[in-house]
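K.L.:
here's my sequence, what's the structure:
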Amino acid sequence: MSESGQNGSTENWSAALRYIAGRKAAEESLGFLVHISTAIQQAPQLKEVVPAVAKACVPFLASAVSLGALATHSQLVVQSPTEYSTALEGVRGLITEAGDQKLVISEHEGLLKQTDPGHLPLLRQWRASSAVAVPLTYRGLRGGHLVVLRGDGHRRGPISPGDLALISEVADRVAAFNAFVTQLAGSEVL
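P.N.:
Numbering: from 1, shown residues only. All right, here's what the predicted structure looks like:
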């Protein structure tokens, strides 16, 4: 076989493998969102929903998760090994500076423009590789933040634009749940 024929064959295989990997990642992400939606819908009690979501996020989506869902929990719900406690606390500290804005800290080439370059060394100091904090806002009702943190050994690597979209979907579901519970609590008072 000629050299140009081998290069073409190699490129075809490479393209096919990238296509398969992309499809697999998309299927995993959709399955994960179904899992999150099921956890929200089928938790036996309302107070168990936010902990169930946090537990479902680790290890698939994150190495550690902090959910400050203020409408349903007066305290943070944390799902994390102790090695990431400092990093979660540090990122939550950065949230106060960011306000209600999304906070992205990732070396992924698709997210570098959204990342404050001063935050990357801080995250490394806290022994994490990437993090995202998304406000839990639904139809104007604010209810805390979802903080997702990844360590160096996470199977999905640093947080990517696709991961950010997935994290935002999880945050939207929790925010909608918080709004529902807040509305439910308000109607019980009437």
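
K.L.:
switch to C-alpha atoms for all contacts and neighbour counts from now on
P.N.:
Fine.

K.L.:
which residues of this protein fall in helices?
P.N.:
3-42, 49-57, 85-98, 119-125, 161-189 (DSSP state H).

K.L.:
contacting residues around the fourth one?
P.N.:
Outside helix 119-125, the residues that touch it by C-alpha atoms under 8 Å, 6 or more residues apart in numbering are Ala87, Ile105, Ser106, Glu107, Ser129, Ser130.

K.L.:
of all pairs in these, which one spans the longest distance?
P.N.:
Ala87 and Glu107 (16.1 Å; C-alpha to C-alpha).

K.L.:
which one of those two is surrounded by more residues?
P.N.:
Ala87 (25 against 19; other C-alpha atoms under 10 Å).

K.L.:
quick one: low-confidence parts of the chain?
P.N.:
By pLDDT under 70, the low-scoring segments of the chain are 1-8, 70-73, 187-190.

K.L.:
again, only this time at 80
P.N.:
For the chain, the stretches flagged by pLDDT under 80 are 1-10, 16-26, 70-74, 98-100, 183-190.

K.L.:
just want the most central residue of it.
P.N.:
Compute the mean C-alpha point of the chain, and by C-alpha atoms, centre = their mean the closest residue is Ile167, 3.3 Å away.

K.L.:
the contacts of helix 119-125 in strands, which ones?
P.N.:
Assigned to strands by DSSP state E, the following of the contacts of helix 119-125 qualify: Ile105, Ser130.

K.L.:
nearest to Asn12, of the contacts of helix 119-125?
P.N.:
Glu107 (29.5 Å).

K.L.:
got phi/psi on the nearest residue to the closest one once chain neighbours are set aside?
P.N.:
In space, and not counting its chain neighbours, Glu107 is closest to Pro158: 6.7 Å by C-alpha to C-alpha, 6 or more residues apart in numbering. Per-residue torsions, Pro158: phi -70, psi 160 (degrees, to the nearest 10).
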